[in-house]
Every structure is written in C-alpha cells, then in structure tokens.
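1. make a model of this:
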Amino acid sequence: MLQGTLVSVCCQFCVFLFFLVSALSVFFPVRLLALLIVCCCRLIALLFDVMGQSQSGTKTPLQCLLDNFKDFKAQAKCYNVPVSSGTLRTLCKLKWSTFGDNWPPEGNFNLQLAFMVYQKIYGSPGHPDQMPYIKKCQCPEVQKKEKTVLLTMPQSALKNGKFSQSPKKLYPIL
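-> Numbers count the residues shown, from 1 in each chain. Model prediction:
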C-alpha cells in the first residue's frame, strides 16, 4: 500500500518537475536545470532504497535456508536420506523449539544453540531422521580436495630484509 502511494507521488513529482524545468528554462541556464533534475532523481532513488530496507525485507535464517534449499539438498546427499523444504520448515518451527533449548521458530545461526539441538538429535534415543537437517554434511568429495596451508614468517626471522636462515625445501605429505 505504502509502496504504491510512494510510486504515485514520485510520478506526480516527475511530471511537476518536467513542467517546472520547461517554464524555468527561459530564465535559468541549462546546467542549473540539469543539476536540479539530477538531485531530484537521486532523492527519488534514496526514497526507494530506504523503503526496501524495512522489516518486511529482512530474512530469517530459516528463510535464507529455504531460498537456497537446492544447495542444502546437494550437501545432504551423502546421508542417503531424502530431504525436503517442508520437513526443514516443520523441524525448525515446531520440533526443535520443543527441545527446551530456546530454539527460535524462525531459525538460528548461533553455534551454541545449534550444538544443543545437535546433541539432542544425535543423543540417546536420538532422531536419526533429523540428522541431515542439523549437521553440515561432510561429503567425501570435499575431504579429498587439496588443502592449502598458509605459512607466515615471524618478524624476528627477518634481518635487514633478508632471511636469517636459508629456506628449507618442503615436501608434501601424502
């Protein structure tokens, strides 16, 4: 409702601005009128940007997962359990909030809270059907990828811009 009203006001303002520029072009140089038009357009763009940052535009953690469920489903493949967005929504909104760990129905990315739910799911008696939904999948293909290690040299090892010791060859561990 507010967005439609704002668009209507902006359109009326643009029409008014067009007639104003036409009338003032007789008295003022073209550069000043162009500057006025640019400033008004920036104001309109600013109004639309502020409007898009309202509470209705923010997403919950659950909504982010549901929006990217295709990636979530691909990661959960290694569990050999079919996953669905409806089940994720039900677990997050209904079941996990009953575990007594203050799990919010809109989801959460707090690691401590997620770990408490994780312990209930993997504990005894456990909920094996919920495992793919709470744990990030550790697929074998990801584990086989080459890992990169970053080595840093402490400042004390450098003297006059040169190494204090000659570098040694490093061999990969297989």
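
2. in what helix or strand does the residue nearest to Ser97 when sequence neighbours are not counted lie?
-> Spatial nearest neighbour of Ser97, excluding adjacent residues (C-beta to C-beta, 6 or more residues apart in numbering): Trp103 at 4.9 Å. All C-beta spots, glycine's among them, are computed from the backbone N, C-alpha and C. For Trp103, there is no enclosing helix or strand under DSSP states H and E.

3. run through the residues that contact Trp103.
-> Cys92, Trp96, Ser97, Leu113, Val117 (C-beta atoms under 8 Å, 6 or more residues apart in numbering).

4. got a list of what the second one touches?
-> Trp96 makes contact with Trp103, Val117, according to C-beta under 8 Å, 6+ apart.

5. quick one: pLDDT of it?
-> pLDDT for Trp96: 84.

6. ok, it to Met116 distance?
-> 10 Å (C-beta to C-beta, to the nearest Å).

7. hey, C-alpha coordinates of whichever strand or helix holds Ile121 in CSV?
-> Element membership for Ile121, per DSSP H and E: helix 111-122. Extracted in CSV, the C-alpha atoms of helix 111-122 (Å, rounded to 0.1, in the frame of the first residue of the first chain):
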residue,chain,number,x,y,z
LEU,A,111,26.5,-22.2,17.0
GLN,A,112,26.0,-22.9,20.7
LEU,A,113,22.2,-23.1,20.3
ALA,A,114,22.6,-25.3,17.2
PHE,A,115,25.0,-27.6,19.1
MET,A,116,22.5,-28.1,21.9
VAL,A,117,19.9,-29.2,19.3
TYR,A,118,22.6,-31.3,17.6
GLN,A,119,23.2,-33.1,20.9
LYS,A,120,19.5,-33.9,21.3
ILE,A,121,19.3,-35.2,17.7
TYR,A,122,22.5,-37.3,17.9
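
8. hey, which helix or strand in this structure has the poorest pLDDT?
-> helix 140-144 (a mean of 42; mean pLDDT, DSSP states H and E).

9. list the buried residues for stretch 63-75?
-> The neighbour-count check on stretch 63-75 (16 or more other C-beta atoms under 10 Å) flags Leu65, Leu66, Phe69, Phe72, Gln75 as buried.

10. what about the closest residue to Thr60 other than its chain neighbours, how many neighbours?
-> Among residues not flanking Thr60 along the chain, Glu106 sits closest, at 3.8 Å (C-beta to C-beta, 6+ apart). If you count neighbours by other C-beta atoms under 10 Å, Glu106 ends up with 12.

11. Glu106 and Cys64 touch, don't they?
-> No: look at Glu106 against Cys64 with C-beta atoms under 8 Å: they stay out of range, at 10.3 Å.

12. related to what we said a few turns ago, which two among the buried residues of stretch 63-75 are spaced furthest apart?
-> Leu66 and Gln75 (14.5 Å; C-beta to C-beta).
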